[in-house]
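Asks: requesting a structural model of the entry that follows:
(2 chains)
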Amino acid sequence: MARYVLKRLLWMIPIALGVAVLVFTLMCFCPGDPAEIILGSTATQENLAAKREELGLNDPYIIRLGTFLSDTFIHFDLGESWITGASVKEAIAERLPRTLLLSIIQLIISFGIGIPLGVMAAVNQNKWQDNLCMALALIGISIPNFWLALLLVILFSVKLNLLPAMGIGGIEYYILPALAGCTNGIAAGARQTRSSMLDVIRSDYITTARAKGVPEWQVIVKHGLKNGLIPIITVMGTHFGKMLGGTMVIETIFAIPGMGQYIINGVNNRDYQVVQVGSIFLAIAFSFCMLAVDLLYAAVDPRIRARYAKGGKRRAKKA
Amino acid sequence: MSEQKMETEPFLQIEDLAVEYYSDGKVISAVNGVSLRLEKGKTLGLVGETGAGKTTIAKSILRILPDVGAKITGGEVKLEGKDLFKLSEVEMRKIRGNNISMIFQDPMTALNPVQTVGDQIAEVVRLHSKGEKHDFVKRAEEMLEMVGIPAERYHEYPHQFSGGMKQRVVIAIALACNPDLLLADEPTTALDVTIQAQVLDLIADLRKKYNTAMLLITHDMGVVAQTCDDVAVIYAGKIIEYGSKEQIFDHPAHPYTIGLFGAIPSMSGDEEWLHPIDGLPPEPFNLPKGCTFHPRCPYATEACRGGTIDMRRTADGHQCRCINIDTVKKQEG
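Replies: Here you go, the predicted model:
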């Protein structure tokens, strides 16, 4: 098991390198002149040329890539924003925790509500509870986040004056953004839980559990849900990854200085350094998230645990 | 209730049980008026083709038919005089796994893949007895040893066991609370022949120890011969012949039963061909009128095609649902 984790951690190095190369290359082909953006439209040709030279934009692609990779991965020098001159490392250290916190709160709300909804739908298949849950899921997946965010602000901040409308501070500042951003997660969680529970509750071992005299809720939760968790965890993992990179809309509306906002501003300003380093961090965070998913699989299912223990080889399962 | 021969309450009495399934708007009559009785410590064999309603009968006794799409539409199941269909869900739960337990057909899927086998045995003990966790664990370990699995394997998961071993675990779960009645649903069908014998012996030993009655569901006449006291032959959700093992094996009366024996290879006879029963079992949502077996029956007459055919007694305790018994008897000699 420890070997498996170590292996996965080592795998993150090539992943981070790959992302770095990819993002760097993409930014290279991106139209727009950073020097022009930094200096504004009034800058003279000489000033622009000097700025380009200073930023190293005149060097060949391969040299720039090499410099970037060695700075980032060997010297751990994450550089400065070209626009503000602020240290990227400090900015990320400040912003990443906010995005992480927001995503984690969203994840907890999403699946804290989504899983019970899905279980209720599956247990009452084709009854009104099922229809209600699936209608809620449909609404959840269709609601635009920014619209819901504005409605929540109007209700809770403007009318009721209960919660802050924007900015950062204590945990109360995260409630509205998390609520606004979690509808997709609730919907995805509910739908996935429903379909995997529908498979599971028709299994023979569920009948066995009933025949043993196990109370119905224990049959559903202990014997059913635990077996149905694997696909739910998968959805949770990918969803968490999406939240990490995709909270940009929510961060913008609620003026939360997080990673999403940082990278988008970087893209708009052709702030190459910010975009590149930010993306690498998100990729690493996503990798950790996927590792957590795989470890959760193992925690839930002893068959997967056994496979990891055998060195992670995927054996074809005999029927 | 027409019979008066039994004065005392039988241990298990099933009266006119009827179960329907609903699928795609069709009503499927899986069990149509089945009546059975079983005394303590005895074994009743329920024999019939796949789809005849055998498993449905067993699941009805425990009331574990699926909620959606299945319904017990009539009849009663009495265990020591207590009508199980009138009990509340909570009372029923105390009976499941404790007084009545069930061994399932397919050991590969009957165990929860994410729970250790020991915990699965201990769970049923915990539900039906008082005590501390270590008592349950101890009992589970005893049961494992009793079915021939070392107690050290308590913490292993089903995927680490072979099919025969899994069936032993299923048996251990079923017998952990010393049930009065064991419903064995084709306990050996999924196992190979050598393991079959072991499992049957194991069930027999454990039953002898606790004087457990057993309803054995099977389509294997050999298993019936080895284990049962009485036999009920089921066809399309109805019992068509019912009697002691000797009566059924030595003097089968119903053409279907005779056909079943004709389809078994004989070790002593010099016949070269087996005699399969022509045709297929009827579609359960479209049962033939009259005797459900008449489309396949070589003795069918006009009278078989309509009306209700009742069980009639041929010998003491031997009943048969056929109006042409005498003709059949003469012809088969």
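Asks: excluding chain neighbours, what is closest to residue 52?
Replies: Defaulting to chain A. Counting by Cβ to Cβ, 6 or more residues apart in numbering or on different chains, A:R52 lies nearest to A:A35, which is 4.8 Å off, once chain neighbours are set aside. Every C-beta, even on glycine, is put in place using the N, C-alpha and C of the backbone.
Asks: let me rephrase: I mean chain B.
Replies: B:A52 sits nearest to B:I234 (Cβ to Cβ, 6+ apart), 4.5 Å away.
Asks: what helix or strand is the one you found located in?
Replies: strand B:230-235 (DSSP states H and E).
Asks: sheet-wise, list the partners of that strand with their directions.
Replies: strand B:43-48 (parallel), strand B:238-244 (antiparallel) (DSSP bridges).
Asks: report the longest helix in chain A, please.
Replies: helix A:88-123 (DSSP state H).
Asks: in that one, what's buried?
Replies: For helix A:88-123, burial by neighbour count (16 or more other Cβ atoms under 10 Å in any protein chain shown) applies to A:88, A:91-92, A:95-96, A:98-103, A:105-107, A:109-111, A:113-115, A:117-123.
Asks: how close does the nearest residue to B:E9 once chain neighbours are set aside get to B:F11?
Replies: For B:E9, ignoring the flanking residues on the chain, the nearest one in space by Cβ to Cβ, 6+ apart is B:G81 at 4.5 Å. Taking Cβ to Cβ, to the nearest Å as the measure, B:G81 and B:F11 are separated by 9 Å.
Asks: the more surrounded of the two?
Replies: B:F11 (18 against 10; other Cβ atoms under 10 Å in any protein chain shown).
Asks: how near is that one to B:Q247?
Replies: From B:F11 to B:Q247 the distance is 21 Å (Cβ to Cβ).
Asks: about what we covered before: give me the contact status of the longest helix of chain A with chain B.
Replies: No: using Cβ under 8 Å from any Cβ of the partner chain, we find that helix A:88-123 stays clear of chain B, coming within 8.9 Å at best.
Asks: who does that helix touch, helix- and strand-wise?
Replies: helix A:128-142, helix A:172-181, helix A:183-200, helix A:226-246, helix A:248-253, helix A:259-268, helix A:272-300 (3 or more Cβ pairs under 8 Å, 6 or more residues apart in numbering or on different chains; DSSP states H and E).
Asks: can you list the domains in chain B?
Replies: For chain B, automatic domain parsing gives the domain ranges B:42-51+B:58-63+B:88-228, B:252-333.
Asks: and stretch A:66-82, average pLDDT?
Replies: Per-region confidence: stretch A:66-82 scores 84 on mean pLDDT.
Asks: hmm, A:L48 and A:E36 touching each other?
Replies: Yes: under the criterion of Cβ atoms under 8 Å, A:E36 makes contact with A:L48 at 6.3 Å.
Asks: so which bits of chain A are right by chain B?
Replies: A:125-126, A:202-205, A:207-216, A:223, A:226-227, A:300-303, A:306.
Asks: and A:F156, what are its phi and psi?
Replies: Per-residue torsions, A:F156: phi -80, psi -30 (degrees, to the nearest 10).
Asks: what is the least confident helix or strand in chain A?
Replies: helix A:34-39 (a mean of 80; mean pLDDT, DSSP states H and E).
Asks: center of the chain - which residue?
Replies: In the absence of a named chain, this looks at chain A. A:G241 (2.3 Å; Cα atoms, centre = their mean).
Asks: not quite, go with chain B.
Replies: The centre of chain B sits closest to B:I217, judged by Cα atoms, centre = their mean, with a distance of 2.8 Å.
Asks: for A:G224, what are its contacts?
Replies: Shown in contact with A:G224 (Cβ atoms under 8 Å, 6 or more residues apart in numbering or on different chains): A:V119, A:M197, A:V200, A:I201, A:I206.
Asks: right, and A:T252 touches A:G258 too?
Replies: No: between A:T252 and A:G258 there is no contact, the gap being 9.6 Å when judged by Cβ under 8 Å.
Asks: those two: which has the busier surroundings?
Replies: The residue with more neighbours, out of A:T252 and A:G258, is A:G258; 26 against 17, by other Cβ under 10 Å.
Asks: what is the neighbour count of the residue nearest to B:G262 when sequence neighbours are not counted?
Replies: Sequence neighbours aside, B:H275 is the residue nearest to B:G262 in space, at 3.7 Å (criterion: Cβ to Cβ, 6+ apart). Other residues within reach of B:H275, judged by other Cβ under 10 Å, total 12.
Asks: pretty sure B:H275 sits in a strand.
Replies: No: applying DSSP: H, G, I helix; E, B strand; the rest coil, one finds B:H275 to be coil, outside a strand.
Asks: chain A versus that one, what's the distance?
Replies: Separation of B:H275 from chain A (Cβ to the nearest Cβ, to the nearest Å): 34 Å.
Asks: ok, B:V328 next?
Replies: Distance from B:V328 to chain A, by Cβ to the nearest Cβ: 39 Å.
Asks: out of the domains of chain B, nearest to A:M166?
Replies: Closest to A:M166 of the domains of chain B, according to Cβ to Cβ: domain B:42-51+B:58-63+B:88-228, at 44.7 Å.
Asks: end-to-end on that closest one?
Replies: 8 Å (Cα to Cα, to the nearest Å).
Asks: chain A contacts on the stretch 151-300 of chain B?
Replies: Near chain A, when you scan the stretch 151-300 of chain B using Cβ under 8 Å from any Cβ, you find B:Y157, B:H159, B:Q160, B:V170, B:I173.
Asks: could I get the residues you listed as TSV with neighbour count?
Replies: Listed next are those as TSV, based on neighbours: other Cβ atoms under 10 Å in any protein chain shown:
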residue	neighbour count
B:Y157	22
B:H159	15
B:Q160	15
B:V170	29
B:I173	30
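Asks: the residue of the stretch 201-333 of chain B at minimum distance from chain A: what's it in contact with?
Replies: In the stretch 201-333 of chain B, the residue that lies nearest chain A is B:L215 (13.4 Å; Cβ to the nearest Cβ). B:L215 makes contact with B:12, B:36, B:38, B:43-44, B:46, B:57-58, B:61, B:181-184, according to Cβ under 8 Å, 6+ apart.
Asks: the same query, at a cut-off of 10 Å, please.
Replies: Shown in contact with B:L215 (Cβ atoms under 10 Å, 6 or more residues apart in numbering or on different chains): B:12, B:14, B:36, B:38, B:42-46, B:54, B:57-58, B:61, B:100, B:102, B:181-185, B:228, B:232.
Asks: A:H223 too?
Replies: A:200-201, A:203, A:205-206, A:208-210, A:212, A:214, B:112, B:114-115, B:120, B:123.
Asks: likewise for B:T56?
Replies: B:17, B:19-21, B:28, B:30-31, B:34, B:65, B:70, B:72, B:234, B:237.
Asks: kindly report the same for A:A292.
Replies: With Cβ under 10 Å, 6+ apart, A:A292 has these contacts: A:I233, A:M236, A:G237, A:F240.
Asks: for A:L96, see how far away the second one is.
Replies: Taken as Cβ to Cβ, the spacing of A:M236 relative to A:L96 amounts to 20 Å.
Asks: now the last one
Replies: If you measure A:F240 against A:L96 using Cβ to Cβ, the figure is 14 Å.
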